[in-house]
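Undergrad: got a sequence here, can you model it:
(one chain, ligands or ions: 1)
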Amino acid sequence: MTSGSHVASAQPAKASSAAWTSSRPPLLRFLDRCHADFVAETGGDVARYIPELSKADPSHFGISLATLDGHVYEVGDTKVPFTIQSMSKPFVFALALDTLGAERVESVIGVEPSGDPFNSIRLNAENHPFNPMVNAGAIACSGLVHEAKGAGAFEHIRRELSRFAGRDLGVDEAVYRSESLTGDRNRAIGYLLRTNAVIKDNVAEVLDVYFRQCAILVTARDIAIMAATLANRGINPVTGEQVTTPYAIARTLSVMTSSGMYDYAGEWIYRIGIPAKSGVGGGILSALPARLGLGSYSPRLDRHGNSVRGIRVCAALSRHYDLHMLNRSDDA
Ligand code: GLN
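TA: Numbers count the residues shown, from 1 in each chain. Next comes the predicted model:
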């Protein structure tokens, strides 16, 4: 890993002894407690819409928190790779803003919450996607990057996401193939977008970019660092690299706030108050501006497609450290 960063620990909570526990930093002890408490939560189920995802181990549970000075705290299964899925959407939106400019992006994708599930096929009154966090808007973003980069679009996305994570990210080829074989609903959305001139390129090529970007492999640790980069105005706190512009970051965090958790977005921001994005692979990425990035992994999902344990972790963290972004004072 890059010099200047510091891994606090990767030990699971159950390995703690009294002496070792007392030497652990308070934040790590808090994460230990979250892990120990919420591992008992066995509600929800792994995603079953494609065969490959249904093979996920429902017992996996990892929590990682990255602070803006480059410390990464880890508890549980933080090194287990899983597919990024919809957590790719904010990063590809930021990339589209930086690559094509806000005017072009905003001419075809809205920023209003839809209140619909992530895979809704409904468009807004202008026949554009409601926002970049639902599949329609994300496929439109992949289309924009394809417009700019052609056959190099996916590699451009993969490299950009790797800079957010601070390491080279790979692809789960089996999940990619499974998505592609069964992705008719996303294809239908793609053709609907093309008939409304939101997508200009070949739909199959754009969908291939989208399916591949969803199959990028990350760990809870990666998404904590990616989230911390969002929280740090686009500078990766571990590598020190400026990955994207503060302009794109502020817009991305805005749509994460209003639409990142789909038809649970209002409830989420009301109760937890941290911009976030979930993925059906079981990850939740939360980015509290100027504070921290949190990545959790547990593949048991609720009916909205959000990780059940991940929601519990974010709620506990927000409550314990009083992190709701609308509950701030000048001296906070
Ligand atoms: N690959 C998934 C899809 O397009 C991503 C959805 C998600 O993570 N919510 O349906």
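Undergrad: now residue 130: which helix or strand?
TA: For residue 130, there is no helix or strand it lies in under DSSP states H and E.
Undergrad: for the stretch 51-200 of the chain, which residues are neighbours of the ligand?
TA: 85, 86, 118, 119, 135, 179, 186 (C-beta under 6 Å from any ligand atom). C-beta: built from backbone N, CA, C; applies to glycine.
Undergrad: next, give me the two most distant ones among those residues.
TA: The two members of these with the most space between them (C-beta to C-beta) are 118 and 179, at 13.8 Å.
Undergrad: closest one of the residues of the stretch 51-200 of the chain next to the ligand to residue 76?
TA: Using C-beta to C-beta, those come closest to residue 76 at residue 85, 19.9 Å.
Undergrad: which pLDDT value goes with that closest one?
TA: Residue 85 carries a pLDDT value of 98.
Undergrad: wait, it touches residue 283, no?
TA: Yes: counting by C-beta atoms under 8 Å, residue 85 touches residue 283, with 7.3 Å between them.
Undergrad: between those two, which one's more packed in?
TA: Taking other C-beta atoms under 10 Å, residue 85 and residue 283 do not tie; residue 283 has more neighbours (29 against 25).
Undergrad: which non-adjacent residue is nearest the residue positioned nearest the centre of the chain?
TA: Central residue of the chain (C-alpha atoms, centre = their mean): residue 87, 2.6 Å from the mean position. Counting by C-beta to C-beta, 6 or more residues apart in numbering, the nearest residue to residue 87 once its immediate chain neighbours are dropped is residue 279, at 4.1 Å.
Undergrad: any idea how far that neighbour lies from residue 137?
TA: Relative to residue 137, residue 279 is positioned 15 Å away (C-beta to C-beta, to the nearest Å).
Undergrad: same deal with residue 182?
TA: Using C-beta to C-beta, residue 182 is found at 21 Å from residue 137.
Undergrad: of these two, who's got more company?
TA: More crowded of residue 182 and residue 137, by other C-beta under 10 Å: residue 137, with 30 against 14.
Undergrad: buried residues in the host helix or strand of the more buried one?
TA: According to DSSP H and E, residue 137 maps onto helix 135-149. By neighbour count on 16 or more other C-beta atoms under 10 Å, the buried set for helix 135-149 is 135-147, 149.
Undergrad: of those residues, closest to the ligand?
TA: residue 135 (5.0 Å; C-beta to the nearest ligand atom).
Undergrad: might one say that residue 292 is in contact with residue 231?
TA: Yes: in this structure, residue 292 is within contact of residue 231 by C-beta under 8 Å, at 6.1 Å.
Undergrad: which residues are common contacts for those two?
TA: residue 68 (C-beta atoms under 8 Å, 6 or more residues apart in numbering).
Undergrad: find the least confident helix or strand in this structure, judged by mean pLDDT.
TA: The weakest-scoring helix or strand in the chain, judged by mean pLDDT, DSSP states H and E, is strand 6-9 (a mean of 46).
Undergrad: in the helix or strand following the helix holding residue 137, what's buried?
TA: Later in the chain than helix 135-149, the nearest helix or strand by DSSP H and E is helix 153-165. Neighbour counts over helix 153-165 (16+ other C-beta under 10 Å) mark 153, 154, 156, 157, 158, 160, 161, 162, 163, 164, 165 as buried.
Undergrad: thank you kindly, that will do.
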